[in-house]
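> Structure of the sequence below:
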Amino acid sequence: MKSKLTNIVDAIKLIEDHHTLGVGGNVLHRAPMALVREIARAKKKSLKVIKTAGAMDVDVLCAAKCVESVDAGFISYESEYGFANFYRKAVQLGEVKANEHACYTVISALRAASFGVSFMPVKGMQVSDLIDANDYFKQISDPFTNEMVTVVRAIRPDVTIVHVQEADMYGNAKIYGPVFDDYTLITASKKVIISAEKIIDTSEFMAPVNIPHFMVDAVVKVEGGAIPNSCDRFYDIDVSGIEMFRSNTNIDEYLRKYEHLDRRG
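Numbering: from 1, shown residues only. Modelled structure (predicted):
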């Protein structure tokens, strides 16, 4: 097998303007923040961001003017920290289109893509204003019962970014703690970039991997790659780091503060 280990700057070259970008992790936990910040430094434009439940990752990309649209069920910093204000402002100004989902409809759309079909039924959407508010939803006749069924259009990311605790040079990766929707994102995606706290030898994996090498296109070692979010077994949420970003109106200054940390691997 060929090594897929690379540096963060080269890894991000897989992402192009106008790409659909899947983002792993959940709210403030194991989000791939180093990769997100590098996308912002590269000034990628018009990205269509896919995330079931996002927070700082989506907020940073919106602050950096990288985003055209967001498909998500939830974007907020959890109850302790409040709204994602850069995302909220961008939507209010019409700079970013918010395609509102329930979290499970994002998952269903990704599953449709991973199964190679164009849509997926979503049972809980019979009575919801989201059907009218989001073009991703349609109602069709069930060919077996003739009842009307709500379906969601498949979402296939061009690239998905995920942060993990351990990976080898070939792209095999191990996630400790909740996997969230990362595997579903990966199976639906055309290309995958992994950042990892540790690069280990393949022989060191003590249990089956969560992500096999053949699904991964690039691996980057980034210690602290989810900071200031949490990463199970490595570090908890850094409240001061979150507040530093939320109170900073200069995105370039913020990105410079983390540049050494993000690129030191």
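> For this structure, name the helix or strand with the lowest mean pLDDT.
Taking mean pLDDT, DSSP states H and E as the measure, the helix or strand of the chain with the lowest value is helix 130-133, at a mean of 76.
> Just the CA coordinates for it, please, in PDB.
Extracted as PDB, the C-alpha positions of helix 130-133 are listed here (Å, rounded to 0.1, in the frame of the first residue of the first chain):
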ATOM      1  CA  LEU A 130     -39.400  22.100   6.300                       C
ATOM      2  CA  ILE A 131     -41.000  20.400   3.300                       C
ATOM      3  CA  ASP A 132     -41.900  23.800   1.900                       C
ATOM      4  CA  ALA A 133     -38.800  25.600   3.100                       C
END
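> Show me the contact partners of that helix.
100-102, 105, 125, 137, 139, 150 (Cβ atoms under 8 Å, 6 or more residues apart in numbering). Yep, even glycine has a C-beta here, placed from its N, CA and C like the rest.
> what's the distance between stretch 43-57 and the middle of its chain?
Computed by Cα atoms, centre = their mean, to the nearest Å, the chain-centroid distance of stretch 43-57 equals 7 Å.
> ok, which stretches of the stretch 1-150 of the chain are strands?
For the stretch 1-150 of the chain, strands defined by DSSP state E, counting those that start in this stretch occupy the ranges 20-23, 47-54, 67-75, 97-100, 119-121, 137-141, 148-153.
> can you state the direction angle for the last one and strand 67-75?
Using axes from the mean of the first three to the mean of the last three Cα atoms, to 10 degrees, one finds that strand 148-153 and strand 67-75 are set 130 degrees apart in direction.
> If we go by neighbour counts, what in strand 148-153 is buried?
Burial within strand 148-153, assessed by neighbour count using 16 or more other Cβ atoms under 10 Å, is assigned to 149-153.
> which among the contacts of helix 130-133 end up buried?
The neighbour count (16+ other Cβ under 10 Å) marks 100-102, 105, 125, 137, 150 as buried among the contacts of helix 130-133.
> ok, these vs T20, which is closest?
Taking Cβ to Cβ as the measure, H101 is the one of the buried ones among the contacts of helix 130-133 closest to T20, at 14.4 Å.
> Right, I'll call it a day here.
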